[in-house]
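Q: all I have is the shape, not the residue letters:
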């Protein structure tokens, strides 16, 4: 069982504020790290696929960084909006397996 | 392009009954996965298939069997359902080692 941990489990953000949260994963046998956005009553959808140490990805107001040597990735949301409310999952890719963390649930208050 | 199609969407079983969850993908991907999602626990891997003809156990395989019928289809079978198997089940198929595409989920209740 691969230990993929996300923190915090949940957070509440005021509209317009920025926030970030963490995914930690094994630093050995790294292949890729994925971030997914999961809205209630829907299926997870990919945000980022990150493969190289130092990778930085950006999609609109959401960005992510990757440190494979120390085994962590950060997801940042700049200027949070109510539509950013969702659960954000990270997944560690290793040996054909996609192992997910438990997620960080973000609630943006208007 | 349908992507990943999963059936049924909802199911209620009595303890001891059996059922098969069906998953099909039309993206010509090699890998397919079955996950279960429980509150506070994220997605836990039940079984996966790296290619047609191969299947391997994931994190929580007990009580389940799988069949990779062909490249498109990967089914999950509960031989004798238990209340502990009440969960939401997701089938997923990644494009190589890049992003995974998910089915709509099956909400299973075992009473």
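A: Nice, I can see it. What you see is a predicted model; the values in this text were computed from it and never measured.

Q: C-alpha only now, for contacts and for neighbours.
A: Fine.

Q: from the chain's centre, how far out does stretch A:82-97 sit?
A: Chain-centre distance of stretch A:82-97: 5 Å, with Cα atoms, centre = their mean, to the nearest Å.

Q: before we move on, what about stretch A:57-73?
A: With Cα atoms, centre = their mean, you get 8 Å for stretch A:57-73.

Q: give me the distance between the two termini of that stretch.
A: Terminal residues of stretch A:57-73 are spaced 11 Å apart (Cα to Cα, to the nearest Å).

Q: got the contact list for the residue in chain B that chain A sits nearest to?
A: At 3.8 Å from chain A, residue B:42 is the closest residue in chain B, using Cα to the nearest Cα. Each residue near residue B:42 by Cα atoms under 8 Å, 6 or more residues apart in numbering or on different chains is listed here: A:89, A:100, A:101, A:102, A:103.

Q: could you rerun that using 6 Å?
A: residue A:102 (Cα atoms under 6 Å, 6 or more residues apart in numbering or on different chains).

Q: what residue ranges in the chain score low on pLDDT?
A: Using chain A. Residues of chain A that meet the criterion pLDDT under 70 lie in A:1-2.

Q: that's the other chain; I wanted chain B
A: B:1.

Q: quick one: secondary structure of the residue nearest the centre of it?
A: Taking Cα atoms, centre = their mean, the centroid of chain B lies closest to residue B:34, which sits 3.1 Å from it. With DSSP: H, G, I helix; E, B strand; the rest coil as the basis, residue B:34 sits in strand.

Q: pretty sure it contacts residue B:91?
A: Yes. Residue B:34 lies in contact with residue B:91 (Cα atoms under 6 Å); the separation is 4.6 Å.

Q: tell me the phi and psi of residue B:72?
A: Backbone torsions of residue B:72, given as degrees, to the nearest 10, read phi -80, psi -30.

Q: neighbours around it, how many?
A: Using other Cα atoms under 10 Å in any protein chain shown, residue B:72 is surrounded by 19 other residues.

Q: can you pull the contacts of it?
A: B:24, B:25.

Q: how about the residues of chain A by chain B?
A: A:43, A:46, A:100, A:102 (Cα under 6 Å from any Cα of the partner chain).

Q: from the residues you listed, which is closest to chain B?
A: residue A:102 (3.8 Å).

Q: look up how far residue A:23 lies from the residue nearest to the closest one when sequence neighbours are not counted.
A: Once flanking residues are discounted, residue A:102 sits nearest to residue B:42: 3.8 Å by Cα to Cα, 6 or more residues apart in numbering or on different chains. Relative to residue A:23, residue B:42 is positioned 13 Å away (Cα to Cα).
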